[in-house]
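[1] show me the folded form of this:
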Amino acid sequence: MASFDGRFSSTPLYLDGDRKHHLLNVWRYNTFHRRENRHGDRVPLRCEVYWPTTLEDMRPALDNIVFDKTPSRMLCNLFWQSIDWTWVRGELGPLVVHDTGCGSGWMGQKIPEWLGEQIMYHGFEVVRDPRWPDLTNENLRLHFFDGLNYRNTFGCRPNLVITQSAMEHFPQDLSYVDAIAECLESTEKMLQIHVIPGSDTLPYYGPHGWRQYNRDAIRRVLGRLPSSLDVMVVALGAPEVSRLYKKWIASRKTLRKLKKNSEVQAIYKAEWLAAMEACSPVGIDKASFLVLIAAKGLSMPVWPRLITRSR
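    Predicted coordinates for the structure are as follows:
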């Protein structure tokens, strides 16, 4: 068990959910975080919004995506594709992207596709992906780093800082936020988009990373950033979407079929859409997933200008 260091982690460091644990420690992890999240979610944030309000908010991305991932990941991918990348480019100028926990560097390939022009992308990861040599070029740089010295990764002077389901895996997530805050001191414009798990992911995903982001954890993150930023925390979906996890993802046999069979994907998509239709706006404590947005120097308010159908 790790000791809690309140200076560099937004939550107590109890157990690393990414490691294999016997059933007793799984129970301990779930019990500990259920209690922490219940306590941490008591007071709503003033900057909470819900998305999507209708399925139309996700078109045309909804018609151009393969339904073969977890219910919440489908929603996250649709959110990324629903961003008005032309507006982002107009606000920031040529995009220089910093992506920690980049995996294969997928976002470095997709953002230029969505935008329709080249960007400068720097991805950082603690494990080298075997696909990196085939993907790396002058505009897409993929870097191995130790997972500790975040400050050294910001030499690329980014104007767009993103993470996708990564911050929960950083034991010292506030060190990462401190590095962003330091970069902001010498940057006129920057947009941050961090896709993170909220409290209500725990019942469905179980042990995963070091934490879920309850409201108090998000307050600690925001407390390390300048108070002048335009901030919004977006609740993506509601429990109706999350409940599909046990039927479609928890079983390896069902998941294998979902990955390979287009007919199974069509059934899953229909159930996913029906679940989305049944959703009502919720606070971030009940969301399927969360997006933390923080902007400096952009036209205010950034939300809902960020989303294509809102412009």
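[2] tell me how far the nearest residue to residue 51 once chain neighbours are set aside lies from residue 158.
    What sits nearest to residue 51 in space, not counting adjacent residues and going by Cβ to Cβ, 6 or more residues apart in numbering, is residue 234, at 5.2 Å. Yep, even glycine has a C-beta here, placed from its N, CA and C like the rest. Remark: distance between residue 234 and residue 158 (Cβ to Cβ, to the nearest Å) = 21 Å.
[3] the residue nearest to residue 51: neighbour count?
    24 (other Cβ atoms under 10 Å).
[4] burial count for residue 131?
    13.
[5] list the contacts of residue 75.
    By Cβ atoms under 8 Å, 6 or more residues apart in numbering, the residues touching residue 75 are 236, 237, 241, 288, 289.
[6] got it, and residue 8?
    Counting by Cβ under 8 Å, 6+ apart, residue 8 makes contact with 172, 173, 174, 175, 178.
[7] for those residues, which one is nearest residue 147?
    residue 172 (8.9 Å; Cβ to Cβ).
[8] pretty sure that closest one contacts residue 9?
    Yes - with contact defined as Cβ atoms under 8 Å, residue 172 reaches residue 9; the gap is 5.7 Å.
[9] now, which of the contacts of residue 75 lie within strands?
    If you go by DSSP state E, the contacts of residue 75 have 236, 289 in strands.
[10] which SSE is the residue most central in space within the chain in?
    Closest to where the C-alpha atoms of the chain average out (Cα atoms, centre = their mean) is residue 195, at 1.4 Å. Following DSSP states H and E, the helix or strand that holds residue 195 is strand 190-196.
[11] distance from that strand to the middle of the chain?
    A distance of 8 Å separates the centroid of the chain from that of strand 190-196, by Cα atoms, centre = their mean, to the nearest Å.
[12] counting contacts, what elements does the helix or strand following it pack onto?
    Using DSSP H and E, the helix or strand that follows strand 190-196 towards the C-terminus is helix 202-205. Judged by 3 or more Cβ pairs under 8 Å, 6 or more residues apart in numbering; DSSP states H and E, the packing partners of helix 202-205 are helix 23-40, helix 244-248.
[13] who's in contact with the residue nearest to residue 51?
    Neighbours of residue 234 in contact, by Cβ under 8 Å, 6+ apart: 48, 49, 50, 51, 79, 290, 291, 292, 293, 303.
[14] how about a cut-off of 10 Å?
    Shown in contact with residue 234 (Cβ atoms under 10 Å, 6 or more residues apart in numbering): 47-52, 79, 193, 195, 284, 287, 289-293, 303-304, 306-307.
[15] out of the contacts of residue 8, who's the most crowded?
    The most crowded member of the contacts of residue 8, judged by other Cβ under 10 Å, is residue 173 (28 neighbours).
[16] state the distance from that one to residue 179.
    11 Å.
[17] for these two, list the residues in contact with both.
    Shared contacts of residue 173 and residue 179, counting by Cβ under 10 Å, 6+ apart, come down to 150, 224.
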